[in-house]
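Colleague: Give me a model of this one.
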Amino acid sequence: MLTAFLLTTTFMVVEGVGGYLSNSLALISDAGHMLTDAAALGLGLFAMKLGEKPPSVTKSFGYRRFEILAALLNGLALWGIVGIILHEAYTRITTPEAVKPMGMVTVAGIGLLVNLISIKMLHAHKDESLNVRGAFLHVVADTMGSVGALLAGLIVWGTGWTLVDPLVSVGICALILYSSWGLVRDAVNILLLGVPEHIDYKEVEAAIISADGVCCVYDLHIWAITPGNEALSAHVVVDGEAGVQKNVAGELGALLNERFKIGHSTIQVEHGHSGDTCLNGNLCRVTGARGMCSLESSVVEDKERHGEEHPCNCEDTTTPH
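Modeller: Next up, the predicted model:
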């Protein structure tokens, strides 16, 4: 990350100066993209360093979520750059300007080499965190931008068709939007405590309800603190004594870790819903997003039946729920 940051920052200045001297919008737009690359790498490095700080009484999860904020800021910064480039491209299309193709080709060629080096360094680590993935996507899109600028310079050099320069910059903008959309989407999903994309909520719910001794699960929540650091909390109703309940909690934790890679699970185990634990006789009220008892007919879906009462009596599992 540090090497890629230094390479990108250095060449961003070279490309910006080269774009200004050659009057090439394609180079200037690519330099603008490299600016966001450098910001992504720099912010990512800062987020990684800050994330090493231990949890405290005010930040019980530590500072690991800062990398998600950094990824979101990087994605939004890319969109701002796109708006500026598109405005300038429109101006150049309506009022074409002369460019110096030799300078375009030289600078774009060097930029392509720098980006290929950065890609090679980041590729092996792109799945380790959202920040590294974001930096990798930035560099990939910028590599394609360098290819576009190089081709535009060659076309202008060979044909004199200067309109290709702003057209290529529009293409670079499309690449930037494409590469940044997934980054922004994933960052927002994590900040909203959404279920991680690679985890099927209903599959987790079914796995819990099918475990020995479990007859009801409700208030189930699955989220990610950071990518690859998933967490879960749930209430499960079991049929058994205190010792059985303890075993169920441990077995569920191992199951969730092995099958779904959920390493941080908080299971509140309950023995039946009767007496003072129920709102109305043998009926329990689902207080989370969704509840599910051992029979499919007693699934309480969110939105449509959120918070409804449903029969749930583990002391007599033969009674239809």
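
Colleague: Least confident secondary structure element in this protein?
Modeller: Here the helix or strand of the chain ranked lowest by mean pLDDT, DSSP states H and E is strand 283-285, holding a mean of 45.

Colleague: ranges for the helices of the stretch 1-150 of the chain?
Modeller: In the stretch 1-150 of the chain, the helices defined using DSSP state H, counting those that start in this stretch lie at 2-22, 25-51, 66-94, 101-123, 130-159.

Colleague: Tell me the buried residues in the longest one?
Modeller: By 16 or more other Cβ atoms under 10 Å, the buried positions in helix 130-159 come out as 130-153, 155-156. The way it works is simple: take the backbone N, C-alpha and C, and place the C-beta from them, glycine included.

Colleague: repeat for stretch 107-121
Modeller: By 16+ other Cβ under 10 Å, the buried positions in stretch 107-121 come out as 107-108, 110-112, 114-115, 118-119, 121.

Colleague: Stretch 218-237 too?
Modeller: By neighbour count on 16+ other Cβ under 10 Å, the buried set for stretch 218-237 is 218, 220, 222-227, 229-232, 234-237.

Colleague: Now do the residue minimising distance to the centre of the chain against G51, distance only.
Modeller: Against the mean C-alpha coordinate of the chain, by Cα atoms, centre = their mean, the closest residue is D186 at 2.7 Å. D186 is 17 Å from G51, where distance means Cβ to Cβ, to the nearest Å.

Colleague: and if you look at K59?
Modeller: 11 Å.

Colleague: Those two: who's more crowded?
Modeller: When K59 and G51 are compared for neighbours, G51 comes out ahead with 17 against 13, by other Cβ atoms under 10 Å.

Colleague: How about the contacts made by that one?
Modeller: The contact partners of G51, taken as Cβ atoms under 8 Å, 6 or more residues apart in numbering, are 62-64, 66-67, 226.

Colleague: switch to 7 Å and redo it
Modeller: By Cβ atoms under 7 Å, 6 or more residues apart in numbering, the contact set of G51 is 62-64, 66-67.

Colleague: Next: E230.
Modeller: So E230 contacts 196, 199, 222, 224, 261-263 (Cβ under 7 Å, 6+ apart).

Colleague: and of the helices of the stretch 1-150 of the chain, who's closest to V170?
Modeller: Smallest distance to V170 across the helices of the stretch 1-150 of the chain (Cβ to Cβ): 5.1 Å, for helix 66-94.

Colleague: From the contact counts, what lies against that closest one?
Modeller: Counting contacts by 3 or more Cβ pairs under 7 Å, 6 or more residues apart in numbering; DSSP states H and E, helix 66-94 is packed against helix 25-51, helix 130-159, helix 164-191.

Colleague: Helices along the stretch 151-300 of the chain, start to end?
Modeller: 164-191, 201-209, 242-260.

Colleague: was I right about the residue nearest to the centre of the chain contacting G134?
Modeller: No: D186 lies out of contact with G134 (Cβ atoms under 7 Å); the separation is 9.1 Å.

Colleague: Where does pLDDT dip in the chain?
Modeller: 26, 33, 128-129, 131, 240-246, 272-321 (pLDDT under 70).

Colleague: Okay, domains of it per the record?
Modeller: Annotated domains of the chain cover 2-191, 201-316 [automatic domain parsing].

Colleague: Give me whichever of those domains is most buried.
Modeller: Highest mean neighbour count among those (mean count of other Cβ atoms under 10 Å): domain 2-191, with a mean of 20.

Colleague: Quick check: chain neighbours aside, which residue is closest to N115?
Modeller: Among residues not flanking N115 along the chain, T143 sits closest, at 3.9 Å (Cβ to Cβ, 6 or more residues apart in numbering).

Colleague: and what of P55?
Modeller: Here the residue nearest P55, using Cβ to Cβ, 6+ apart, is G62, at 4.3 Å.

Colleague: before we move on, what about G32?
Modeller: I81 (4.9 Å).

Colleague: one step back: most widely separated two among the contacts of G51?
Modeller: Largest separation among the contacts of G51 by Cβ to Cβ: G62 and E67, giving 11.2 Å.

Colleague: Who does the strand ranked longest in the chain pair with, and is each partner parallel or antiparallel?
Modeller: Ranked by number of residues, the top strand in the chain under DSSP state E is strand 214-226. Applying DSSP bridges, strand 214-226 is found paired with strand 229-238 (antiparallel), strand 291-293 (antiparallel).

Colleague: Dump these to a markdown table, plus distance to L86.
Modeller: As requested, the strands paired with strand 214-226 are arranged in a markdown table below (distance: least, Cβ to Cβ, whole Å):
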| stretch | distance to L86 |
| --- | --- |
| strand 229-238 | 37 |
| strand 291-293 | 49 |
